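>>> structure for this input, please:
(2 chains)
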Number of protein chains: 2
Amino acid sequence: MTPSLAAKPTGTDRLAALSAERYRQAQHLGSDWNETIDTLLSHRSVRSYLPDPVPHTAVELAVAAAQSAASSSNLQAWSVVAVEDPERQSRLNAVAGNQRQIAQAPLLLVWLADLARPRAIAADGGSAGEGLDYIESFLLGVIDAALAAQNAVVAFESLGLGTCYIGAIRNDPEAVARELALPDGVFPVFGLTVGFPDPAQPAGVEPRLPQSTALHREQYADGARARDLTGYNKALRSFQAEQAMPAIDWTDQVRNRIGTVEALKGRHVLAAAARRLGFPLK
Amino acid sequence: MTPSLAAKPTGTDRLAALSAERYRQAQHLGSDWNETIDTLLSHRSVRSYLPDPVPHTAVELAVAAAQSAASSSNLQAWSVVAVEDPERQSRLNAVAGNQRQIAQAPLLLVWLADLARPRAIAADGGSAGEGLDYIESFLLGVIDAALAAQNAVVAFESLGLGTCYIGAIRNDPEAVARELALPDGVFPVFGLTVGFPDPAQPAGVEPRLPQSTALHREQYADGARARDLTGYNKALRSFQAEQAMPAIDWTDQVRNRIGTVEALKGRHVLAAAARRLGFPLK
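Predicted coordinates for the structure are as follows:
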């Protein structure tokens, strides 16, 4: 959403261009273009930021968008910590493996599955909040946090800001909890870097698998898998070349990422960490 | 986003109105209005639908938006089943406790944490995909599915459609898996009803807790809890009255929802169900 003196393309042609960028193969998307659809389909993960701070009004708008997302049974079982202090960011970055985009981003948001409030409300009424002890309630908090964060991402992008999710804070949730003074029953789900994209390092739109692999009709069908993967490996190779990234087939990336316990980078003990943070996970 | 002959308000005044509707108390949101922010802040859960089908192009656009959301390590560990067959919908609705909005909605989307594809890719390369056996990978699929679904919701709403999340399909994930022919390693995270809102039954904007309870600065702080809850109980009471809903304090709703195992409506055995569906949850 960079401002430009030239008129921005709209309508069917713009949708076709967005579709070509995302899928790198034929995918019909109709003619129902609007600004919101444009923002959504233009998403890219931004890993190079200008040093300018994120305006506080942008954070307030993004959190209002986050709070406007649906919440399971309206429990609002999430919250978020905005970290701007460079030293705190740096200590959190150590958990995430010292990523360049965290070192560079003026703002790091840490999204939390937050069962502390319902637990306290139950206690106020003399109840132990037994339902919170189950893995279902942990999931509920994680889902609430994810829906909220994604709305914030869309709001930030509509304002010309860029973001990148940081799953690696789950490498050591207890260290993150200590750093952010999280009470019992609050779990850090992921981070999100936010800032103005550095125009000297423009991020590309990452291609995705064909829509036919994501959308099933009436029942699950995976017949097209082998054909789709060959084409997708090619699409991703051309994206990597454009972005000066190391060349690797997606299928090899997937194997490397999920093939071993070591590749989880500490997250194989996440269940034990969550239990110590106040989620019995029954 | 209902079309209207009158000019739609924009800018600072519109933001103030959206803030007043969402918070029912003072919350400054600045002046950075745009169409996307408007769509996000206007969200309401729609539970009354017209019988008109959802255009296929709208589903394609929403799934393109969903695929445009970030995905952890680009694993794309989610997929979605679109259910339009009324009989299949009705059988799924039995799992969810026979909800009116499911009976009425022309489209039910079931969002899936999908580790079947990475598992198959690992197997193709002679790997067991050991990393997939951990609760971390289950979470990763759930988060991927949630980010994708929320983008789809925003896309649908920008097109004038309404939605409602259905967490109650987790009341019996194995029944849902059978109905949708889900392979091993695929878990139904939530449903989503989609359709054109019935203008005779307009949905209101549900008030949320003050932003100060959701947004923490640098470290977690919950000092304002007691004061915030009194005000919020009042805000929700007035919303209930406007929507002809039963009057109940939010704090009592929370206690009822999480106070007992019975209130989980079967979801206390979710971990065992997930294990039988191919998620060891180590």
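>>> then the worst-scoring helix or strand of chain A on mean pLDDT to CSV, C-alphas only?
In chain A, no helix or strand scores lower on mean pLDDT, DSSP states H and E than helix A:225-242, which sits at a mean of 88. What follows is helix A:225-242 as a C-alpha-only set of coordinates in CSV (Å, rounded to 0.1, in the frame of the first residue of the first chain):
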residue,chain,number,x,y,z
ARG,A,225,-1.0,-34.0,-4.9
ALA,A,226,1.9,-35.3,-6.9
ARG,A,227,1.2,-33.1,-10.0
ASP,A,228,0.7,-30.0,-7.8
LEU,A,229,4.0,-30.5,-5.9
THR,A,230,6.1,-30.6,-9.1
GLY,A,231,4.6,-27.4,-10.3
TYR,A,232,4.9,-25.7,-6.9
ASN,A,233,8.6,-26.7,-6.5
LYS,A,234,9.2,-24.8,-9.8
ALA,A,235,7.2,-21.7,-8.7
LEU,A,236,9.0,-21.5,-5.4
ARG,A,237,12.4,-21.9,-7.2
SER,A,238,11.7,-18.9,-9.4
PHE,A,239,10.6,-16.9,-6.3
GLN,A,240,13.8,-17.8,-4.5
ALA,A,241,15.9,-16.7,-7.5
GLU,A,242,14.0,-13.3,-7.6
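>>> buried stuff in it?
Using 16 or more other Cβ atoms under 10 Å in any protein chain shown as the test for burial, helix A:225-242 gives A:228-229, A:231-232, A:235-237, A:239-240. All C-beta atoms are positioned from the backbone trio N, CA, C, and that covers glycine.
>>> one more: stretch A:85-100?
For stretch A:85-100, the neighbour count (16+ other Cβ under 10 Å) marks A:88-89, A:92-93, A:95-96, A:99 as buried.
>>> that stretch and chain B, any residue contact?
Yes - residues of stretch A:85-100 contacting chain B under Cβ under 8 Å from any Cβ of the partner chain: A:85, A:88.
>>> now stretch A:101-108
No - on the criterion Cβ under 8 Å from any Cβ, stretch A:101-108 is out of touch with chain B, staying 10.5 Å away.
>>> got the CA coordinates for that stretch in CSV?
Output in CSV follows, covering the C-alpha atoms of stretch A:101-108 (Å, rounded to 0.1, in the frame of the first residue of the first chain):
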residue,chain,number,x,y,z
GLN,A,101,14.1,-8.8,11.3
ILE,A,102,13.7,-8.8,15.1
ALA,A,103,16.9,-6.8,15.6
GLN,A,104,15.7,-4.3,13.0
ALA,A,105,12.0,-4.0,13.7
PRO,A,106,11.0,-1.0,15.9
LEU,A,107,8.1,-3.0,17.4
LEU,A,108,7.7,-6.6,18.5
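>>> low-scoring stretches of the stretch 101-250 of chain A, by residue?
Within the stretch 101-250 of chain A, the stretches with pLDDT under 70 are A:223-227.
>>> go ahead and confirm A:Leu192 touches A:Leu109.
Yes - with contact defined as Cβ atoms under 8 Å, A:Leu192 and A:Leu109 form a contacting pair (4.4 Å).
>>> which one of the two is surrounded by more residues?
Between A:Leu192 and A:Leu109, counted using other Cβ atoms under 10 Å in any protein chain shown, the more crowded position is A:Leu109 (28 against 24).
>>> how about the more buried one, phi and psi?
phi -100, psi 130 (degrees, to the nearest 10).
>>> swap in the one 4 residues further on?
Here is the backbone geometry of A:Ala113 (degrees, to the nearest 10): phi -80, psi 120.
>>> the closest residue in space to it that isn't next to it in sequence: what's it in contact with?
Closest residue to A:Ala113 apart from its sequence neighbours, by Cβ to Cβ, 6 or more residues apart in numbering or on different chains: A:Gly141 at 3.0 Å. By Cβ atoms under 8 Å, 6 or more residues apart in numbering or on different chains, A:Gly141 lies in contact with A:77-78, A:112-115, A:187, A:189.
>>> okay, these in CSV with neighbour count, secondary structure and distance to B:Val154 next?
As requested, the contacts of A:Gly141 are exported to CSV (neighbours: other Cβ atoms under 10 Å in any protein chain shown; DSSP: H, G, I helix; E, B strand; the rest coil; distance: Cβ to Cβ, whole Å):
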residue, neighbour count, secondary structure, distance to B:Val154
A:Ala77, 29, coil, 21
A:Trp78, 28, strand, 18
A:Leu112, 30, strand, 22
A:Ala113, 27, strand, 22
A:Asp114, 28, strand, 23
A:Leu115, 29, coil, 26
A:Phe187, 27, strand, 25
A:Val189, 27, strand, 20
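>>> before we move on, the earlier item: how near is the residue nearest to A:Ala113 to B:Ala58?
Using Cβ to Cβ, to the nearest Å, A:Gly141 is found at 31 Å from B:Ala58.
>>> just the buried positions in the helix or strand harbouring A:Ser19, please.
According to DSSP states H and E, A:Ser19 maps onto helix A:11-23. The neighbour-count check on helix A:11-23 (16+ other Cβ under 10 Å) flags A:14-16, A:18-19, A:21-23 as buried.
>>> what angle do helix B:135-158 and the longest helix along chain A make with each other?
Longest helix in chain A by number of residues (criterion: DSSP state H): helix A:135-158. Here the directions of helix A:135-158 and helix B:135-158 differ by 50 degrees (axes from the mean of the first three to the mean of the last three Cα atoms, to 10 degrees).
>>> which residues does the residue nearest the centre of chain A contact?
Centroid check for chain A by Cα atoms, centre = their mean gives A:Tyr165 as the closest residue, at 4.0 Å. With contacts defined as Cβ under 8 Å, 6+ apart, A:Tyr165 is in contact with A:45, A:149, A:190-192, B:70, B:72, B:147.
>>> going by distance to B:Ala122, which of those wins?
Nearest to B:Ala122 among the contacts of A:Tyr165: B:Ser72, at 16.1 Å, using Cβ to Cβ.
>>> state the phi and psi torsions of that closest one.
phi -60, psi 120.
>>> so it sits against B:Ile143, correct?
Yes - if you go by Cβ under 8 Å, B:Ser72 and B:Ile143 touch, sitting 6.6 Å apart.
>>> shared neighbours of the two, anything?
Contacts common to B:Ser72 and B:Ile143, judged by Cβ under 8 Å, 6+ apart, are A:Gly167.
>>> quick one, which of these two is more surrounded?
B:Ile143 (29 against 21).
>>> give the contact list for the more buried one.
Counted by Cβ under 8 Å, 6+ apart, B:Ile143 has contacts A:142, A:146, A:167, A:189-190, B:72.
>>> just put these in CSV and tack on distance to B:Thr10.
Shown next, in CSV, are these (distance: Cβ to Cβ, whole Å):
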residue, distance to B:Thr10
A:Val142, 35
A:Ala146, 30
A:Gly167, 37
A:Val189, 34
A:Phe190, 33
B:Ser72, 36
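>>> for the residues you listed, which one is nearest B:Val205?
Using Cβ to Cβ, the contacts of B:Ile143 come closest to B:Val205 at A:Ala146, 21.4 Å.
>>> in CSV: the buried residues of helix A:11-23, plus pLDDT and distance to chain B.
Output for these, formatted as CSV (pLDDT from 0 to 100; distance: Cβ to the nearest Cβ, whole Å):
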residue, pLDDT, distance to chain B
A:Arg14, 95, 12
A:Leu15, 95, 8
A:Ala16, 95, 12
A:Leu18, 97, 8
A:Ser19, 97, 7
A:Glu21, 96, 10
A:Arg22, 97, 6
A:Tyr23, 97, 8
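>>> now for those, which pair is the farthest apart?
A:Arg14 and A:Tyr23, at 15.0 Å, using Cβ to Cβ across the buried residues of helix A:11-23.
>>> ok, now which ones touch the residue nearest to A:Ala175 when sequence neighbours are not counted?
Spatial nearest neighbour of A:Ala175, excluding adjacent residues (Cβ to Cβ, 6+ apart): A:Val95 at 5.1 Å. Applying Cβ under 8 Å, 6+ apart, we find A:Val95 in contact with A:168-169, A:171-172, A:175-176.
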